[in-house]
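[1] quick one, what's the 3D model for this:
(one chain, ligands or ions: 1)
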Amino acid sequence: MTTLLAVGDMHLGRPPTALPEDLRERQARLGPEAAWRRVVSEAVERQVDGVLLAGDVVERSRDFFVAYGQLKSGIEQLTAAGIPVLAVAGNHDTHVLPRLADEIDQLHLLGRDGEWEEARLDDLTVLGWSFPQPQVRHNPLDTLDSARRDRTVIGLLHCDRDQADSAHAPVSGEALARAPVDAWLLGHIHKPDRLDEDRPIGYLGSVTALRASETGTRGPWLVQVNSGAIVADQLPLAPLRYECLEIDCSGLEQPERLGERVLAECRALVGRLNALDYQPEALGLRLVLTGSTALGSALSEVAEELASDSRSWEESGIACFIQKAELATAPAIDLQRLARQNDPCGLLARRLIALKAPECDEYRRLIELGRRQLDPVVRSREFRDLDRGLDDQDVADWLHKAGLTALNRLLDQRGATK
Ligand SMILES: [Mn+2]
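    Have a look, this model is predicted:
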């Protein structure tokens, strides 16, 4: 059996964002560098046959020295344990990764200058391609020799899947499936795929949360190849984790009691995390307040207060903090009854009802209008590197949340009977 540890977007040099003040001084233990240290120890402990890095290993060229120090010490430990390291360059580290590979002998860069390259690793062939310049508008698979290889082939590639207009090596899922490769381990998109098929093809994801929106399990993947059968499992090694936590506020009598509710939910979540083999050092909570409640804006004030508190608390060894709190409660009102009113509240109520009914014309109209507003935001420069693309459900959810907030405020202002 051959075992590999495959690492997605690491972005050495990028500080983790959205940390509360008191955790900022522990940044070095929560960012990509700490994730890399965990990856290295894990690889050594498991005595894997190789470590693969799927590009965007380094955030940007000016992180040359810091990345050099961090990569070198990890790679030295791996080399001492007899573990080779293979990497491809992505759009972030197009220039810096080859320079680092020139300085660090044991870092083997695959596919320099955009030429596909094969390397032998134990019983496997690893096939890789590196970004020759930060923007690549053609599909790198166009130049891949389609002949079948003798050994099991693992493809290592940084690319943008199913985004034909992308400047970051656009590749179709179909082309990946057609290639003479038994598993594709991809970098670029920070959200990991499931990789649970017989022939795993997909994104490894960021190795630790770099932004608060990168919720859920993050970490390297343990890839085991046994006479041609490939199994990939994600190891939740990330030192920093974000989770969405839904808090049902129905039945909450006073807004001040929200804190207790949050603590109870957080404790349950930490309990689940503690049952895993690895624990994060810090856990950022993105609260979503749901349920129906008559507390309205009083609840929203308390939620804002919780979110603006820039301190963390300790729960079973994990530093927990609230990164944001979003109000998605339904007013404790009868939407159907309100919808019969001939005023702004009635109009909002009718639209909220329509947003839950995809089969009606009004739903289509609202989605169309919403999309016109939201699409430019999603495509804007700031967000373009995130997982983009809005489906109808996303648009409906955004509109529904916004509509509910507006309705809550309106009813509050009027002191209307709810
Ligand atoms: Mn990238």
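[2] in contact with the residue in the stretch 151-300 of the chain that the ion sits nearest to, which residues?
    Relative to the ion, the nearest point of the stretch 151-300 of the chain is His188 (4.0 Å; CB to the ion). Where C-beta positions appear, they are placed from N, C-alpha and C, glycine not excepted. For His188, the contact set (CB atoms under 8 Å, 6 or more residues apart in numbering) comprises 9, 55-56, 90-91, 158-161, 168-169, 203.
[3] now with 6 Å?
    Taking CB atoms under 6 Å, 6 or more residues apart in numbering, we find His188 in contact with 158-160.
[4] can you map out the helices along this structure?
    Ranges of helices within the chain are 21-24, 32-46, 64-80, 96-103, 173-178, 258-274, 296-308, 335-338, 344-354, 361-379, 392-414, based on DSSP state H.
[5] pull up the residues of this protein that are close to the ion.
    Residues of the chain lying close to the ion by CB under 5 Å from the ion are 56, 90-91, 188.
[6] now the residue of the stretch 151-300 of the chain closest to the ion. Nearest residue, chain neighbours left out?
    His158 (5.2 Å; CB to CB, 6 or more residues apart in numbering).
[7] let me know the outermost residue of the chain.
    Asn342 (43.9 Å; CA atoms, centre = their mean).
[8] mind checking which helix or strand of this structure has the lowest mean pLDDT?
    Sorted by mean pLDDT, DSSP states H and E, the helices and strands of the chain end with strand 330-331, the least confident at a mean of 75.
[9] and that strand, what does it pack against?
    Contact here means 3 or more CB pairs under 6 Å, 6 or more residues apart in numbering; DSSP states H and E; on that basis strand 330-331 packs against no helix or strand.
[10] run me through the strand neighbours of it, direction for each.
    strand 292-293 (parallel) (DSSP bridges).
[11] tell me the average confidence for the partner strand?
    Averaged over strand 292-293, pLDDT sits at 86.
[12] any stretches of the chain with poor pLDDT?
    Along the chain, segments meeting pLDDT under 70 span 387-388, 415-418.
[13] domains of it: list them as residue ranges, please.
    Using automatic domain parsing, the domain ranges for the chain come out as 2-234, 240-414.
[14] could you say which of these is packed most deeply?
    Stretch with highest mean neighbour count among the domains of the chain: domain 2-234 (a mean of 20; mean count of other CB atoms under 10 Å).
[15] next one: that domain to chain centre, how far?
    Offset of domain 2-234 from its chain centre (CA atoms, centre = their mean, to the nearest Å): 15 Å.
[16] also stretch 370-390?
    Taking mean C-alpha positions (CA atoms, centre = their mean), stretch 370-390 and its chain are 16 Å apart.
[17] ok so, going back, I'd like the helices of the chain laid out as a markdown table, including distance to Gly13.
    Shown next, in a markdown table, are the helices of the chain (distance: least, CB to CB, whole Å):
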| stretch | distance to Gly13 |
| --- | --- |
| helix 21-24 | 16 |
| helix 32-46 | 7 |
| helix 64-80 | 5 |
| helix 96-103 | 9 |
| helix 173-178 | 29 |
| helix 258-274 | 27 |
| helix 296-308 | 28 |
| helix 335-338 | 50 |
| helix 344-354 | 45 |
| helix 361-379 | 27 |
| helix 392-414 | 32 |
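[18] right, and those helices - which one's nearest Thr152?
    Proximity to Thr152, assessed across those by CB to CB, is greatest for helix 173-178 (16.3 Å).
[19] all strands of the stretch 101-250 of the chain, in order?
    According to DSSP state E, counting those that start in this stretch, the stretch 101-250 of the chain carries its strands in the segments 107-109, 117-121, 124-129, 152-158, 160-161, 170-171, 183-187, 201-203, 221-226, 229-234, 240-248.
[20] for these, give me JSON lines that also has distance to Val39.
    Formatted as JSON lines, these follow (distance: least, CB to CB, whole Å):
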{"stretch": "strand 107-109", "distance to Val39": "14"}
{"stretch": "strand 117-121", "distance to Val39": "17"}
{"stretch": "strand 124-129", "distance to Val39": "17"}
{"stretch": "strand 152-158", "distance to Val39": "15"}
{"stretch": "strand 160-161", "distance to Val39": "24"}
{"stretch": "strand 170-171", "distance to Val39": "25"}
{"stretch": "strand 183-187", "distance to Val39": "14"}
{"stretch": "strand 201-203", "distance to Val39": "17"}
{"stretch": "strand 221-226", "distance to Val39": "10"}
{"stretch": "strand 229-234", "distance to Val39": "12"}
{"stretch": "strand 240-248", "distance to Val39": "14"}
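[21] quick check: which of the ones you listed is nearest to Thr17?
    Of all those, strand 240-248 sits nearest to Thr17, with 10.1 Å by CB to CB.
[22] name the residues that touch the closest one?
    For strand 240-248, contacts defined as CB under 6 Å, 6+ apart pick out 16, 30, 208-209, 212, 215, 261, 265, 280, 282-291.
[23] do that again at 8 Å, thanks
    Strand 240-248 is contacted by residues 16, 19, 30-31, 208-209, 212-218, 258, 261-262, 265-266, 269, 273, 280-291, 323 when judged by CB under 8 Å, 6+ apart.
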